[in-house]
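Peer 1: Sequence plus predicted model, see below.
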Amino acid sequence: MPGADITWQEAGAERRAHWRSEAQVSAPGRVAVANDYMKADQAYRLACEGTALLWRGDFQNAKQIVQALARRIDRSNTAGRIGNRKPAAAAFPEAFHRYRMVHAQRARTLGMVLIRFEADHAIRLHRAPDVKAACTEAYGKVSEPYVASLRELLGVIGAHEWRRKGVEVPALGGGERVHAHYGVFSPVRGEYVDLVARSPLPQTGLAFDIGTGTGVLALLLARRGLQRVLATDVDVRALACARENVGRLGLTARVDIVESDLFPPIAIGRAGLIVCNPPWLPGKPSSPLEHSIYDPDSRMLKGFLAGLGARLAPGGEGWLILSDLAEHLGLRTRGELLGWIEAAGLTVLGRLDARPQHPKAFDAGDPLHAARRAEVTSLWRLGAG
């Protein structure tokens, strides 16, 4: 958390370093120095009690301790999981909230293994990898040593590899890839991209992509022949990510990235096509990285629908890409969604549906499997009036 410090006792003296947490987790109040001689059971007991472990041993052994903690957490949660039980629809809100609570507690416990970094992001531990590039992408340049959780570091390293390799998006053609920056949702779920690829385009030369993220939908619209696409976002990382992807695909002459909350400035005028893929679940994000998943009080969804009619050109279409997972979880009803559409003075012109293909949809052991199995992602074609 910005501005916070972490303190611990070592070699008879108090030590201090800056605390860094992208999940905005508070600095732990109790810290013990740990090394390769610490047993997994002892580490688990301390972590569950709220004592963080500042690792001073071999880096690879620290990773093994995190894996051992995960196994113990999962075993302790087995009795309380909904597991393979198939809760009725009415039970899903409670099941979902419990699911989030269990995962939040799991994350807190696994986050108790800490690593100290130098001011250049270097780690002075035996067998530690070079993480300078990955940490610079996630944290930027730093001017002082800091401490962060090993679990977060592993996420930073994974995001760096995803960014380096990119995700192939078949709808873009030619084996093109989109590269997601740390903290920006990667287009790994291809069904929503495919919906935009196959929906009939209205007659227009201008489109808006609201909440562009990586820019994947803006890129796809340009590849489908739109002469100008304005893509908006408010997240600094998303804006940089989208601009990089647009430049990599050579579409800077046709795709503009604009910092704006929802719609571009009113001076831009109206567009014949306005696309929005908001976060699919109403709920409060537990960290900045969850903003691509959770939409508090459906703010973005409601805002898009409420403002769409005024920004559509005559005869234009608004495309809302939305999963109905929230409906199956009991977090939102189809009637509420249709009510917001009607209240905004919009008309449903048509709808394209797609079934998810991600692994969780086929994992019978997932606590929310029944809801995920029933999930449908839809592209709602909306018109004004």
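Peer 2: Thanks, I have it.
Peer 1: where along this protein do the helices fall?
Peer 2: Assigned by DSSP state H, the helices in the chain fall at 40-48, 59-77, 92-110, 132-139, 150-165, 190-198, 216-223, 236-248, 299-311, 325-328, 334-343, 369-374.
Peer 1: Measure how far the third one is from the centre of its chain, please.
Peer 2: Helix 92-110 has its average C-alpha position 17 Å from the chain's average C-alpha position, going by CA atoms, centre = their mean, to the nearest Å.
Peer 1: same check, this time on stretch 284-302
Peer 2: Remark: stretch 284-302 is offset 10 Å from the chain centroid, using CA atoms, centre = their mean.
Peer 1: Next: stretch 206-222.
Peer 2: Distance, centroid of stretch 206-222 to centroid of chain: 17 Å (CA atoms, centre = their mean).
Peer 1: how long is it from one end to the other?
Peer 2: 10 Å (CA to CA, to the nearest Å).
Peer 1: For it, buried residues please.
Peer 2: The neighbour-count check on stretch 206-222 (16 or more other CB atoms under 10 Å) flags 206-222 as buried. C-beta: built from backbone N, CA, C; applies to glycine.
Peer 1: Likewise for stretch 64-79?
Peer 2: 65-66, 69, 72-73.
Peer 1: can you check stretch 149-167 too?
Peer 2: Of the residues in stretch 149-167, 149-153, 155-157, 159-160, 162-163, 166-167 count as buried by neighbour count, 16+ other CB under 10 Å.
Peer 1: can I get the residues you listed in TSV with pLDDT and distance to Met300?
Peer 2: What follows is the buried residues of stretch 149-167, written out as TSV (pLDDT from 0 to 100; distance: CB to CB, whole Å):
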residue	pLDDT	distance to Met300
Ser149	98	29
Leu150	98	33
Arg151	97	28
Glu152	96	26
Leu153	98	30
Gly155	95	24
Val156	96	26
Ile157	97	30
Ala159	95	23
His160	97	28
Trp162	94	24
Arg163	96	25
Gly166	97	26
Val167	96	23
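Peer 1: okay, stretch 293-302 in CSV with CA atoms only?
Peer 2: The C-alpha trace of stretch 293-302 is given here as CSV (Å, rounded to 0.1, in the frame of the first residue of the first chain):
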residue,chain,number,x,y,z
ILE,A,293,-14.4,-8.6,-13.2
TYR,A,294,-16.6,-6.8,-10.7
ASP,A,295,-18.8,-3.7,-11.4
PRO,A,296,-19.9,-2.1,-8.1
ASP,A,297,-23.7,-1.7,-8.2
SER,A,298,-23.5,-2.3,-11.9
ARG,A,299,-22.3,1.3,-12.3
MET,A,300,-20.6,0.8,-15.7
LEU,A,301,-23.5,-1.3,-17.1
LYS,A,302,-26.1,1.1,-16.0
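Peer 1: Now tell me what touches it from outside.
Peer 2: 185, 211, 262, 276, 278-285, 320, 322, 332, 340 (CB atoms under 8 Å, 6 or more residues apart in numbering).
Peer 1: mind redoing it with 10 Å?
Peer 2: Residues from elsewhere that reach stretch 293-302, judged by CB atoms under 10 Å, 6 or more residues apart in numbering: 100, 185, 210-211, 261-262, 276-287, 291, 303-305, 320, 322, 326, 331-332, 336-337, 340, 343-344.
Peer 1: Sketch out the low-pLDDT regions of this structure for me.
Peer 2: 1-3, 79-91 (pLDDT under 70).
Peer 1: Show me where the stretch 251-385 of the chain has its strands.
Peer 2: Using DSSP state E, counting those that start in this stretch, the strands found in the stretch 251-385 of the chain span residues 255-259, 271-276, 281-282, 294-295, 312-323, 346-354, 377-384.
Peer 1: Tell me which residues are up against the third one.
Peer 2: Counting contacts by CB under 10 Å, 6+ apart, the residues outside strand 281-282 that touch it are 96, 100, 290, 293-299, 301-302, 323, 325-326, 329, 331-332, 336.
Peer 1: Within the sheet, what are the partner strands of it, with directions?
Peer 2: strand 294-295 (parallel) (DSSP bridges).
Peer 1: The longest one now?
Peer 2: The pairing partners recorded for strand 312-323 under DSSP bridges are strand 271-276 (parallel), strand 377-384 (antiparallel).
Peer 1: Would you mind finding the most buried of the ones you listed?
Peer 2: strand 271-276 (a mean of 25; mean count of other CB atoms under 10 Å).
Peer 1: circling back to that earlier point, now the helices of the chain in CSV, with distance to Thr7?
Peer 2: Below are the helices of the chain laid out as CSV (distance: least, CB to CB, whole Å):
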stretch, distance to Thr7
helix 40-48, 17
helix 59-77, 20
helix 92-110, 19
helix 132-139, 21
helix 150-165, 19
helix 190-198, 46
helix 216-223, 43
helix 236-248, 30
helix 299-311, 38
helix 325-328, 42
helix 334-343, 48
helix 369-374, 43
